[in-house]
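Chemist: coordinates only, sequence not included:
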């Protein structure tokens, strides 16, 4: 069973430029170098569980919820199951390490929440 | 401070060089790092600026080409960077080498373990030595 650091349900389709813009970071600098790694760990190197289920496991497991519960030991809410993507993140860079008092985990999550809200508003 | 259990780490320090005619201001550093002052992560980079300035205060100022020649073969700086340091000394710019520690707060630790170079009109920092 993969070692899950976190599970990230998102309907916003990951876009590196939008991510940097939300963080108010310009490309090609130290900021984009460090937070580019954050983007990679969350959205490039992660596993999209919804896509995995639909491609490979929809016959073996009755529902997406059951697949995630049995395969990864995680219970996902019905609201989160409706997201376009459910990213399984297995590693986080040091600046997202919760063991450091000044980590940027919350700041990044707030940005992602804003991106998600904007995406959902544009859908309606 | 948080205490992490079941964790083993080798602390280390790495070298970097700062070349400039002036002191490094927060505004100039943020601009060069590509981080807007109102960024939600700007405080991390302001801490990085503080750590770099703190390291430079205890760093070694190189005053002559001979000082720079002494770095050749130490694997701290690439030949290109060494040539750049010599050229900077000829122009009368400050060339300071300093260290960053992985044991420090998050900002310093990240800088210590990151391979990076920052180049702007006002300063140059090279930390290619920071490989793990």
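Modeler: Thanks, I have it. If you're wondering where the values come from, they're calculated on a predicted model, not measured in any experiment.

Chemist: now the residue in chain A that chain B sits nearest to: closest residue in space, sequence neighbours ignored.
Modeler: For chain A and chain B, the shortest gap (CB to the nearest CB) falls at residue A:29, measuring 2.4 Å. (C-beta placed from N, C-alpha, C; glycine too.) With CB to CB, 6 or more residues apart in numbering or on different chains as the criterion, residue A:29 has its nearest non-adjacent residue at 2.4 Å, and that residue is residue B:34.

Chemist: quick revisit: any idea how many residues pack against the residue of chain A closest to chain B?
Modeler: When neighbours are counted by other CB atoms under 10 Å in any protein chain shown, residue A:29 registers 22.

Chemist: hang on, the earlier thing: next up, the contacts around the residue nearest to residue A:29.
Modeler: Counting by CB atoms under 8 Å, 6 or more residues apart in numbering or on different chains, residue B:34 touches A:25-32.

Chemist: PyMOL command to pick out the buried ones of those?
Modeler: To isolate the buried subset of the contacts of residue B:34 in PyMOL, counting by 16 or more other CB atoms under 10 Å in any protein chain shown, use the following:
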select buried, chain A and resi 25+26+29+30+31+32
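
Chemist: dump the contacts of residue B:34 to a markdown table, plus distance to residue B:55.
Modeler: Listed next are the contacts of residue B:34 as a markdown table, based on distance: CB to CB, whole Å:
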| residue | distance to residue B:55 |
| --- | --- |
| A:25 | 24 |
| A:26 | 25 |
| A:27 | 27 |
| A:28 | 24 |
| A:29 | 20 |
| A:30 | 16 |
| A:31 | 20 |
| A:32 | 23 |
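
Chemist: and the contacts of residue B:34, which two are furthest apart?
Modeler: The most widely separated members of the contacts of residue B:34 are A:27 and A:30, with 11.4 Å between them, by CB to CB.

Chemist: can you name the residue of chain B nearest chain A?
Modeler: Using CB to the nearest CB, the single residue of chain B nearest to chain A is residue B:34, 2.4 Å away.

Chemist: and that residue, how far from residue B:115?
Modeler: 17 Å (CB to CB, to the nearest Å).

Chemist: got it, and residue A:87?
Modeler: Here the criterion is CB to CB. By it, residue A:87 lies 27 Å from residue B:115.

Chemist: so which of those two has more stuff around it?
Modeler: residue A:87 (22 against 13).

Chemist: my guess is that one contacts residue A:46. True?
Modeler: Yes. Counting by CB atoms under 8 Å, residue A:87 does reach residue A:46; the two are 4.3 Å apart.

Chemist: joint contacts of the two?
Modeler: When contacts are counted by CB under 8 Å, 6+ apart, the set common to residue A:87 and residue A:46 consists of residue A:8.

Chemist: just for chain B, where's the confidence low?
Modeler: The model of chain B has pLDDT under 70 over residues B:1-11, B:75, B:130-132.

Chemist: list, one by one, the residues from it near chain A.
Modeler: B:1-2, B:4, B:32-36, B:38-45, B:47, B:105-107, B:109-110, B:113-114, B:116, B:118 (CB under 8 Å from any CB of the partner chain).

Chemist: from the residues you listed, keep the buried residues only.
Modeler: With burial judged by 16+ other CB under 10 Å, the buried subset of those is B:32-36, B:39-42, B:44-45, B:47, B:105-107, B:109-110, B:113-114, B:116, B:118.
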